[in-house]
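A.B. asks: build me a structure from this.
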Amino acid sequence: MKTFPSYPWIHVVVVVLAVVTVLITGCTSPTDQKIPATTGFPGVTFGQVAPAAVSTMVSASLPYGVTISVPADWTRQDIITSGTRDYGTTTVNIANFYSPNAITGDPASYTSLSIDVDQNPGTDFEKYFNNATLAIGKTYGVPTQIEAHSYTIPISGYKSYELDFQTETVKGTYIFTSTENGMYIFAFKVPNKQQAVRAFQAAVVDMYKSISIHPPTVAVTPHR
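C.D. replies: Numbering: from 1, shown residues only. As a prediction, the model looks like this:
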């Protein structure tokens, strides 16, 4: 399994982008939480040209009712393990995917996608997301001057929030999707290197658009 090397986390700005401009009450920010430009696609700043579609995608059916299409040359790792994530919550990691190296000779120039599920997230989605935003800052040693914005986006018909962050060495795009049977987290990370980031942006749009969630019927705490 590929792992990211340890980086000297120097600075990170947490910005959440989405399709519908619904600002969550309670997000932590040292500013007046000015609303950033909306995006046509997750991870693509307004005004940029949307990445071209990935030509070859394959569908992957995963545990806990998740289906997602990924580029055919990505490596899939099936794994069911529980642990505390960098967003501060203990979840079940149901699968991981890894892209090929984007830069020849650089074994760390790949994108990783982890897919997790939290079956007991509580009843307050906004609080859950805000706590995850703060935990990202603590995990990567972010100074207190975090600027956080929140917008809703649709994933398989479910309310979802996108969390984007970056340091000098890594970029992250996390999607938190609230369902009647738990919280699903789709966490992309890529080295903050121009060629690797371009490869990531070319794949992420089609991957987000392909996600389908049909949670199994289990007895869990209802939550909105």
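A.B. asks: name the nearest residue to P63, ignoring sequence neighbours.
C.D. replies: I94 (4.9 Å; CB to CB, 6 or more residues apart in numbering). All C-beta atoms are positioned from the backbone trio N, CA, C, and that covers glycine.
A.B. asks: right, and the helix or strand after the helix or strand harbouring the one you found?
C.D. replies: Assigned by DSSP states H and E, I94 belongs to strand 90-98. Once strand 90-98 ends, the next helix or strand along the chain (criterion: DSSP H and E) is strand 112-118.
A.B. asks: what helices or strands is the helix or strand harbouring G137 leaning on?
C.D. replies: G137 is part of helix 125-139, with elements assigned from DSSP H and E. For helix 125-139, the packing partners by 3 or more CB pairs under 8 Å, 6 or more residues apart in numbering; DSSP states H and E come out as strand 13-15, strand 158-166, strand 170-179.
A.B. asks: in JSON lines: those, plus mean pLDDT, mean neighbour count and distance to T67.
C.D. replies: Shown next, in JSON lines, are these (pLDDT from 0 to 100; neighbours: other CB atoms under 10 Å; distance: least, CB to CB, whole Å):
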{"stretch": "strand 13-15", "mean pLDDT": "41", "mean neighbour count": "19", "distance to T67": "28"}
{"stretch": "strand 158-166", "mean pLDDT": "87", "mean neighbour count": "22", "distance to T67": "14"}
{"stretch": "strand 170-179", "mean pLDDT": "90", "mean neighbour count": "22", "distance to T67": "13"}
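A.B. asks: to G65, which of those strands lies closest?
C.D. replies: strand 170-179 (8.7 Å; CB to CB).
A.B. asks: please name every helix or strand in contact with the closest one.
C.D. replies: Against strand 170-179 (3+ CB pairs under 8 Å, 6+ apart) you get helix 125-139, strand 152-155, strand 158-166, strand 182-191, helix 194-210.
A.B. asks: which of those sits closest to S109?
C.D. replies: helix 194-210 (4.5 Å).
A.B. asks: contacts made by whichever helix or strand comes after that closest one with the rest, please.
C.D. replies: Downstream of helix 194-210, the first helix or strand assigned by DSSP H and E is strand 212-213. Residues outside strand 212-213 that contact it (CB atoms under 8 Å, 6 or more residues apart in numbering): 65-68, 155-156, 158, 177, 179, 184.
A.B. asks: and stretch 189-199, by the same measure?
C.D. replies: Contacts for stretch 189-199 (CB under 8 Å, 6+ apart): 4, 99, 102-103, 106, 108-112, 166-172, 200.
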